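A.B. asks: A predicted structure for the sequence below; I have some questions about it.
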Amino acid sequence: MSEGNPVMRTTISRLAAAGLAATMAACGASTPSTKAGGAEPVTLRIATADSAETPTADLIKEFVRQVDQRAGQVRVEPVWEAVGPDRDDWDQQAARKVIAGEIELGAIPARSWDTEGVNSFRAVHAPFMVTSDELVEGIVTDPVAEQMLAGLEPVGVVGLSLVPEALRHPFAYGKPMRGLADYAGAVVHSPRSDLSYRMFTALGARPDDQSGVALDIVVQNGEIAAVEYEFLWGHRLPGKTVATGNVTYFPKLVPIVANLKAWQRLTGNQQDVLREAAKSVRDWAAKNLLPDAPAAKRYCERGGTVVLASPADLAALEQAVQPVYAELEKDPQTKANLDQIRALKAATPANADTPTPCGQ
């Protein structure tokens, strides 16, 4: 099941996928040969667990376009649904393919890496810390982003850029998820992440990614209370949902990464092409992806409902996750990153354009 489109993922033939991997491996995994005109162009594949019709896919398509614009020394081909449809821990499986070098590049959500031994992105996913598009843009262009990307290196992956996608909110079925009482015993659909799951557990909920089961089935069966999701694609959720516009768990960020050994086989110019393209995608996303408030308005126009939590509700939610912060701050690097993000937040003007109630 894809995080980008939990309703349906296009079925991909595993035989065809295996054939693509075999065909492309010779290009992507080999040392570029040198001709009179310089290094021979190399084709690399980029893995995502999502289908080709998702917000993450838009980022990948822009990355391909940016690479194509730069000298032709490198070509990038997407591998959509790289682990097949409706698989357990889909993002983690895609990450493992990049770690193992089965696929040379990846665009895999930052919060998914903590199950794979990468803890450097935890600060940016601390509960209720990053709640505005302006702060997200400040983080991905700040040196703290480079520090977080560097945390991928011990698992054999090079981080090229940290690309913003959207802020994540609760989308409830039936009763809105406003305050702490609404989370007590509730099953919340959320892609797998150690930190995300600790947050929901601290709130009293039970997080579950319902891997291998289509989301419309669990909704129809009444098995979940809410989905952790984003406004831009909220209308794609099955059934009628009610989003709490001022409860923002964390942002969805997508690092563009490369397998270390595949990276080392590239020439310096080819590495530069990929780095420049990845940073251009980061900047493109910050300018072109629909911000939270306009996305919420579009969600409303397509039949969604937005409510707001009270200040008392927000304070109670934040108080409930303080044990999560206490655990995070035991790690010196995570604490340092949290302090950097807090400083950026204090210096970022409050967002005047926030989701407003609708559909009530």
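C.D. replies: Now that the structure is in, tell me what you want to look at. Residues are numbered from 1 along each chain as shown.
A.B. asks: and residue 127, which helix or strand is it part of?
C.D. replies: Residue 127 belongs to no helix or strand when elements are defined using DSSP states H and E.
A.B. asks: which residues touch it?
C.D. replies: Applying C-beta atoms under 8 Å, 6 or more residues apart in numbering to residue 127 gives the contacts 199, 202, 249-250, 318, 321, 324-325. C-beta: built from backbone N, CA, C; applies to glycine.
A.B. asks: quick check: residue 166 touching residue 248?
C.D. replies: No: contact criterion C-beta atoms under 8 Å: residue 166 and residue 248 do not qualify, at 10.2 Å.
A.B. asks: shared neighbours of the two, which are they?
C.D. replies: residue 292.
A.B. asks: which stretches of this structure form strands?
C.D. replies: Assigned by DSSP state E, the strands in the chain fall at 34-35, 38-39, 42-47, 74-79, 105-107, 157-172, 187-189, 206-208, 226-229, 242-244, 250-259, 305-307.
A.B. asks: adding distance to residue 344, write those strands out as CSV.
C.D. replies: Shown next, in CSV, are the strands of the chain (distance: least, C-beta to C-beta, whole Å):
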stretch, distance to residue 344
strand 34-35, 44
strand 38-39, 39
strand 42-47, 29
strand 74-79, 31
strand 105-107, 24
strand 157-172, 14
strand 187-189, 28
strand 206-208, 28
strand 226-229, 24
strand 242-244, 25
strand 250-259, 13
strand 305-307, 27
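A.B. asks: quick one on the thing from earlier: are any of the contacts of residue 127 buried, and which?
C.D. replies: 199, 202, 249-250, 321, 324-325 (16 or more other C-beta atoms under 10 Å).
A.B. asks: could those residues be laid out in TSV, adding pLDDT and distance to residue 122?
C.D. replies: Below are the buried ones among the contacts of residue 127 laid out as TSV (pLDDT from 0 to 100; distance: C-beta to C-beta, whole Å):
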residue	pLDDT	distance to residue 122
199	98	11
202	98	14
249	98	14
250	98	10
321	98	13
324	98	10
325	98	11
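A.B. asks: and which of those residues is nearest to residue 83?
C.D. replies: residue 250 (23.5 Å; C-beta to C-beta).
A.B. asks: re earlier: in helices, which of the buried ones among the contacts of residue 127 fall?
C.D. replies: In helices, judged by DSSP state H, the following of those are found: 199, 202, 324-325.
A.B. asks: dump these into JSON lines; add distance to residue 62 as well.
C.D. replies: Formatted as JSON lines, those follow (distance: C-beta to C-beta, whole Å):
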{"residue": "199", "distance to residue 62": "30"}
{"residue": "202", "distance to residue 62": "36"}
{"residue": "324", "distance to residue 62": "34"}
{"residue": "325", "distance to residue 62": "35"}
